[in-house]
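Novice: Here's a sequence, model it:
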Amino acid sequence: MNAKTISLLICLAACIVAGCSDQSEEGTPSGSSDEQISELVVSIISPATGSILSGDEAVKFDGEATGGKTPYSYRWSSSLDGSLSTERSFSKPPSEMSNGRYTVILTVIDGAGTSGQASISVTVL
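Specialist: I've put the predicted structure just below:
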């Protein structure tokens with residue numbers, strides 16, 4: 001056997017031991033456009049649920065989305081004031097919000113049209 005044959009056999013043996021193939025776990029050739037997309041998960045980072053908001057200092061509403069297919073579109077709404085923002089995060093002074101207990105909802109729609117939601121409860125004084 002020559003050196004090239006030996007090198008090839010070593011590479012094949014290493015690939016067999018490591019479980020290499022040109023197939024993904026689902027049997028689809030790797031690099032296929034039918035890649036699995038993970039579940040869309042939506043989270044509200046701030047403010048924390050149960051927060052009491054008051055005064056003129058702006059409160060940051062921050063959310064995130066993971067999984068799904070990018071790009072994402074965001075829509076913040078509340079049970080008292082309706083639509084709040086269409087940005088991933090925004091700031092708003094409690095003095096510009098209605099007093100009361102809110103359910104704040106972040107709805108995210110991914111590039112494939114899948115939607116997900118997260119919500120928190122806050123009280124505005």
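Novice: Which of the helices and strands in this protein ranks last by mean pLDDT?
Specialist: helix 3-18 (a mean of 52; mean pLDDT, DSSP states H and E).
Novice: where does this structure have low pLDDT?
Specialist: For the chain, the stretches flagged by pLDDT under 70 are 1-35.
Novice: switch the cut-off to 80
Specialist: 1-36 (pLDDT under 80).
Novice: Okay, strands next: where are they in it?
Specialist: Secondary structure of the chain (DSSP state E): strands at 41-46, 52-53, 59-66, 73-78, 82-85, 89-92, 100-109, 115-124.
Novice: Just put the ones you listed in a markdown table and tack on mean neighbour count.
Specialist: To be clear about C-beta, it is placed using only N, CA and C from the backbone, and glycine gets the same treatment. Converted to a markdown table, the strands of the chain look like this (neighbours: other C-beta atoms under 10 Å):
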| stretch | mean neighbour count |
| --- | --- |
| strand 41-46 | 16 |
| strand 52-53 | 14 |
| strand 59-66 | 18 |
| strand 73-78 | 17 |
| strand 82-85 | 13 |
| strand 89-92 | 15 |
| strand 100-109 | 18 |
| strand 115-124 | 16 |
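Novice: Is Arg75 in contact with Thr86, as I believe?
Specialist: Yes: the pair Arg75 / Thr86 is scored as a contact, 5.6 Å apart, by C-beta atoms under 8 Å.
Novice: Show me whatever sits in contact with both of the two.
Specialist: Listed as contacting both Arg75 and Thr86 by C-beta atoms under 8 Å, 6 or more residues apart in numbering is no residue at all.
Novice: now the spatially closest residue to Ala118 that is not a sequence neighbour: how far from Asp56?
Specialist: Nearest residue to Ala118, sequence neighbours excluded (C-beta to C-beta, 6 or more residues apart in numbering): Val42, at 4.4 Å. Plainly put, Val42 is 29 Å away from Asp56 if you go by C-beta to C-beta, to the nearest Å.
Novice: got it, and Ile109?
Specialist: 33 Å.
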